[in-house]
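Asker: coords please:
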Amino acid sequence: MTQTPASHASTTTQPPIYLEDLTAGDQFTSGEHAMDEAQITSFAAQFDPQPFHLDDAAARDTLFGGLAASGWHTAAITMRLQVTSGLPIAGGIIGAGGELSWPRPTRASDVLHVVSEVIKVTPSRSKPDRGMVSVRSETRNQHGDVLQVATVRIVVPRRPGASKAAPA
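Answerer: Presented below is the predicted three-dimensional model:
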């Protein structure tokens, strides 16, 4: 299952996806989000007030060589893109843990989108109404550069009534 919705900022109109709908290898591509300097500095001022996130001139003499978005800002935008257009999981995206890395900085000129792939689907043995799904997501810019990699486990519900029909 590959889904590529149109770019938009509103809630997805795709039908919700349940555990039974997912298999390893399924891919999803989100809409886009255009970054700019005001977003980067506003987020940083509130949540990650370090010079390389707040001021381009100050950032030039750092590892980043110029203004860079906080990794947490990139993560927050990634979540927004997945919720609104990338992973239409029934009941929402409920995280159960994961791993996150930022191989390249996000810049003010970047246009972000997220490409996600289902790695593993595991029905719960103790809670027949749900399962655990491992998903690997890459947040990329308009050039295809990978700016963030997240491998997470999410709780995904079974289709209503499916747990009654599932073997014990």
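Asker: got the contact list for residue 136?
Answerer: 116-117, 119, 149-151 (Cβ atoms under 8 Å, 6 or more residues apart in numbering). From N, CA and C alone the C-beta is placed, and that goes for glycine too.
Asker: what sits opposite the closest residue to it other than its chain neighbours in the beta ladder?
Answerer: Excluding the flanking residues, the one nearest residue 136 by Cβ to Cβ, 6 or more residues apart in numbering is residue 151, at 4.7 Å. Using DSSP bridges, the beta-bridge partners of residue 151 come out as residue 99, residue 136.
Asker: ok, residue 151 to residue 145 distance?
Answerer: Look at residue 151 and residue 145: by Cβ to Cβ, to the nearest Å, they are 19 Å apart.
Asker: Then residue 60?
Answerer: 20 Å.
Asker: Looking at the two now, which is surrounded by more residues?
Answerer: Using other Cβ atoms under 10 Å, the more surrounded residue of residue 60 and residue 145 is residue 145, with 15 against 12.
Asker: looking at it, the more buried one is touching residue 104, isn't it?
Answerer: Yes. Look at residue 145 against residue 104 with Cβ atoms under 8 Å: they come within range, at 5.6 Å.
Asker: for the closest residue to residue 16 other than its chain neighbours, what are its contacts?
Answerer: Residue nearest to residue 16 in three dimensions, not counting chain neighbours: residue 90, with 3.6 Å by Cβ to Cβ, 6+ apart. Residue 90 sits next to 16-18, 156-157, 159 when contact means Cβ under 8 Å, 6+ apart.
Asker: Then residue 159?
Answerer: Residue 159 touches 18-21, 90, counting by Cβ under 8 Å, 6+ apart.
Asker: Ok, residue 86 next?
Answerer: Residue 86 touches 5, 28-31, 114, 116, 137, counting by Cβ under 8 Å, 6+ apart.
Asker: Please save the CA atoms from the helix or strand containing residue 134 in CSV.
Answerer: Assigned by DSSP states H and E, residue 134 falls within strand 130-140. This file holds the C-alpha atoms of strand 130-140, laid out as CSV (Å, rounded to 0.1, in the frame of the first residue of the first chain):
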residue,chain,number,x,y,z
ARG,A,130,-4.8,-3.6,18.9
GLY,A,131,-1.2,-4.3,17.9
MET,A,132,2.2,-2.7,17.6
VAL,A,133,3.6,-1.4,14.3
SER,A,134,7.2,-0.4,13.7
VAL,A,135,7.6,2.5,11.2
ARG,A,136,10.7,4.1,9.8
SER,A,137,10.2,7.7,8.7
GLU,A,138,12.6,10.0,6.8
THR,A,139,11.9,13.7,6.8
ARG,A,140,13.3,15.0,3.6
